[in-house]
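> need a 3D model of the following:
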Amino acid sequence: MARFTLPRDLYYGKGSLEMLKTLSGKKAIIVVGGGSMKRFGFLDKVVNYLTEAGFIVELFENVEPDPSVETVLRGAEAMRTFEPDWIISMGGGSPIDAAKAMWAFYEYPETSFEDLCIPFNFPTLRQKAKFLAIPSTSGTATEVTAFSVITDYAKGIKYPLADFNITPDIAIVDPELAETMPAMLTAHTGMDALTHAVEAYVSTLNSPFTDPLAIKAIQMVFDYLPDSYKGDKMAREQMHYGQCLAGMAFSNALLGIVHSMAHKTGAAFSTGHIPHGCANAIYLPYVIKFNAKNAAGRYAEIAQSIGLTGATDHELTQKLCDKIDEYNAKLSIPKTLKEFGIQEEEFKEKVANIAALAVGDACTGSNPRTITPAEMEKLLTCTYYGTEVDF
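Alright, predicted model coming up:
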């Protein structure tokens, strides 16, 4: 038996924030990030709409990029004091991911972070509150997914939390919020969306319910990301919808080792954080070549869906990789970890441990080709130097 889960309601289109006027409840806590939603006036809009609907509103602000366990626990404490019946999070993936984890600790203060790290091990939520998500970036799709990524900075590890319980009740996908993204964030989140859709399509848990969503999302990214990167508003709107379709696909089909690698390298190096979408963009062509031994037919279908031609599945797979490389170059995304700026000695020192952690990541289980720690170390080494994947 399989399962397909999405939010109960999804509102989309310019001005769809106004649906908040119709929300029923008494108290709402709004979880937001570092200030862009306030700066562009969207936070005030949300507060005003909720006040008009009769809510008492409290803010939990300044959730950092790649939210920490400590931030999650502080937010949960604020919720226990305020006792909201709606948790509303808006902004990029970080505040929404953080709010999902806060929700669990709000309703179950006795639970541990280690418990939540076990895939599909959350307690039953909605005992105290429902959840509404409003994304401002076009990539993570956390507004429609059963996932949250939280970072333990003491260990330098990102933990993907997974459970259908944390799929939001309502998502508002208003493209006006995405118009404020800077170009580099547009590039990184767009390639994150592409990775979600590609990994969902080749996942061992792909299905007739997820495949059409994944393929349409892939087509939309290739059609609209370059113009979105240049600031075109129509393209921004279409990318905002495309990334949401990708989220619907991967939330139900799950992901693969591109994400395992990104999770375990993002906070691992002293030279600074590797943005999640940037890491995915770097790793995706290398992983496609590794997975092609088992999934060339699926990658060929992706290639054909975006108009590529070739005599064999492997030729089509190579052309798909070339297309991704071409887009990365257009978007000023480096081809290797070395080019990104990771120091060679530190990489060599840490790669074996990172490889072992990546193999143990929650996303590895649905990858179309199994991988050992030794193979993962070789694959990561290819992504550092830009060498060919031939094993």
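> mind giving me the domain split of this structure?
Per the record, the chain has its domains at 9-178, 183-385, by automatic domain parsing.
> if I look at the closest residue in space to Asn294 that isn't next to it in sequence, how far off is Ile306?
Spatial nearest neighbour of Asn294, excluding adjacent residues (C-beta to C-beta, 6 or more residues apart in numbering): Arg369 at 4.3 Å. Placement of C-beta: from N, CA and C, glycine included. Using C-beta to C-beta, to the nearest Å, we find Arg369 at a distance of 23 Å from Ile306.
> what of Ala129?
41 Å.
> and the strands in the protein?
9-12, 27-31, 56-60, 86-91, 130-135, 147-152, 157-162, 170-173 (DSSP state E).
> quick one on the thing from earlier: okay, now the residue nearest to Asn294: neighbour count?
As a burial measure, Arg369 scores 16 neighbours (other C-beta atoms under 10 Å).
> now do Lys378
Counted with other C-beta under 10 Å, Lys378 comes out at 18.
> could you do Leu17 as well?
19.
> what distance do you get for it to Gln343?
In terms of C-beta to C-beta, Leu17 sits 44 Å off from Gln343.
> still on that earlier bit, in CSV, list the domains of the chain along with mean pLDDT.
CSV is the format used below for those (pLDDT from 0 to 100):
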stretch, mean pLDDT
domain 9-178, 95
domain 183-385, 97
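> redo these as a markdown table? Include distance to Ala2.
Below are the domains of the chain laid out as a markdown table (distance: least, C-beta to C-beta, whole Å):
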| stretch | distance to Ala2 |
| --- | --- |
| domain 9-178 | 12 |
| domain 183-385 | 6 |
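> go through the ones you listed and name the closest to Met1.
Met1 sits nearest to domain 183-385 of all the domains of the chain, at 11.9 Å, using C-beta to C-beta.
> what about the domains of the chain, which gets the closest to Phe391?
Across the domains of the chain, Phe391 has its closest neighbour in domain 183-385 (6.2 Å, C-beta to C-beta).
> just the terminal-to-terminal distance for the closest one.
Using C-alpha to C-alpha, to the nearest Å, one end of domain 183-385 lies 27 Å from the other.
> and if you look at stretch 5-23?
22 Å.
> swap in stretch 304-321?
Stretch 304-321 end-to-end distance (C-alpha to C-alpha) = 13 Å.
> any idea how far Thr142 is from Thr265?
Relative to Thr142, Thr265 is positioned 20 Å away (C-beta to C-beta).
> what residue is smack in the middle of this structure?
By C-alpha atoms, centre = their mean, the mean C-alpha position of the chain lies nearest to Thr140, the distance being 3.0 Å.
> and the helices in the stretch 151-300 of the chain?
175-178, 183-202, 211-229, 233-253, 257-265, 276-305 (DSSP state H, counting those that start in this stretch).
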